[in-house]
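Student: Have a look at this prediction, sequence included:
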Amino acid sequence: MLARTVNLGGTGLSRVDPALREHTSLRELYLHDNALTTLPEWLGDFTGLRILDLSHQPLKSLPDSLGRLERLEFLYVSDLDITDLPEALGELHELRYLGATDNGLASVPASLGRLTQLIELRLYGNRLTELPDAYGDLRALRELHLDRNAIERLPATFDQLTELRVLSLRANALTEFPVQLSRLPLLRHLDLRANRLTRLPDLPQNAFPALEKLDLRWLDLPVVPEWVHALTTRGCAVYRTAA
């Protein structure tokens with residue numbers, strides 16, 4: 001019987017052996033922590049794959065054929081030498097998790113907004129300055145990690161992310177508070193540390209109805225509006241840098 005799982009992680013591979021193509025029933029493929037710089041287009045033939053880990057190696061690009069992995073649920077493409085993601089990833093309609101951290105991404109494709117089953121998206125440690133408006137269509141998204149980028153604004157469409165629980169924006173370049181987040185009914189953790197915010201807007205005292213943690217450390221905020229105090233009274237942990 002052909003293997004359902006192949007783990008070649010950390011084995012020093014510099015090329016993918018064509019003999020792997022025989023494993024037509026593969027469900028999990030681990031190629032992380034190797035020395036691969038390219039990938040064969042035939043990886044897209046493993047249409048039954050659920051998990052694919054390509055992280056931590058000097059890959060220069062990802063093949064468009066990955067868009068044919070129609071049953072893929074978990075994709076790990078962190079710590080590579082890539083500067084973009086293929087538009088074809090928007091065809092992975094069963095994807096639940098995408099980790100593309102610590103790369104050189106200056107932008108991400110709008111096509112990812114079609115990933116309506118996506119629950120967790122990790123893009124921290126890149127060079128992003130903004131996100132496409134289409135990401136407001138990620139209606140199943142629960143966690144979004146964007147730390148250590150250069151994001152200046154969030155799409156106005158983010159008020160549509162009604163399942164979002166965790167949003168981390170530490171160490172970005174926000175100058176205006178993303179008011180649209182205050183209307184998210186399930187948002188619990190919001191991290192805004194080390195941005196360029198110098199003021200917070202006036203919001204209704206019922207803003208952020210489910211928030212449990214708000215991190216405002218390392219921001220220059222001479223005035224804190226009443227809604228922040230209302231959060232504290234409600235039991236939300238609000239972290240600020242001591243004056």
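Tutor: That came in fine, so what should we check first? Numbers count the residues shown, from 1 in each chain.
Student: so where is this structure shaky, pLDDT-wise?
Tutor: For the chain, the stretches with pLDDT under 70 are 1-2, 243.
Student: which stretches of it form helices?
Tutor: Using DSSP state H, the helices of the chain run over 226-234.
Student: which stretches of it form strands?
Tutor: Under the criterion DSSP state E, the chain carries strands at the ranges 5-7, 28-30, 51-53, 74-76, 97-99, 120-122, 143-145, 166-168, 189-191, 213-215, 237-239.
Student: okay if I get these as a markdown table plus mean neighbour count?
Tutor: Using the backbone N, CA and C atoms, a C-beta is placed for each residue, glycine as well. Converted to a markdown table, these look like this (neighbours: other CB atoms under 10 Å):
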| stretch | mean neighbour count |
| --- | --- |
| strand 5-7 | 14 |
| strand 28-30 | 19 |
| strand 51-53 | 20 |
| strand 74-76 | 20 |
| strand 97-99 | 20 |
| strand 120-122 | 19 |
| strand 143-145 | 20 |
| strand 166-168 | 20 |
| strand 189-191 | 20 |
| strand 213-215 | 18 |
| strand 237-239 | 13 |
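Student: give me the number of residues near residue 27?
Tutor: Applying the criterion other CB atoms under 10 Å, we find 16 residues in the vicinity of residue 27.
Student: Quick check: chain neighbours aside, which residue is closest to it?
Tutor: Excluding the flanking residues, the one nearest residue 27 by CB to CB, 6 or more residues apart in numbering is residue 4, at 4.6 Å.
Student: swap in residue 16?
Tutor: Leaving aside its sequence neighbours, residue 16 is closest to residue 40 (5.5 Å, by CB to CB, 6+ apart).
Student: Contacts only, for the one you found.
Tutor: By CB atoms under 8 Å, 6 or more residues apart in numbering, the contact set of residue 40 is 16, 18, 63.
Student: ok, it to residue 20 distance?
Tutor: Summarising the geometry, the distance separating residue 40 from residue 20, computed by CB to CB, to the nearest Å, is 9 Å.
Student: and if you look at residue 169?
Tutor: The span separating residue 169 from residue 20 equals 39 Å under the rule CB to CB.
Student: Which one of these two is surrounded by more residues?
Tutor: Of the pair residue 169 and residue 20, residue 169 is the one with more neighbours under other CB under 10 Å, namely 25 against 17.
Student: Report the contact partners of that one.
Tutor: 146-147, 151, 154, 190-192, 195 are the contacts of residue 169 under CB under 8 Å, 6+ apart.
Student: what sits against the closest residue to residue 208 other than its chain neighbours?
Tutor: Nearest non-adjacent residue to residue 208, counting by CB to CB, 6+ apart: residue 182, 5.4 Å away. Listed by CB under 8 Å, 6+ apart, the contact set of residue 182 reads 203-204, 207-208.
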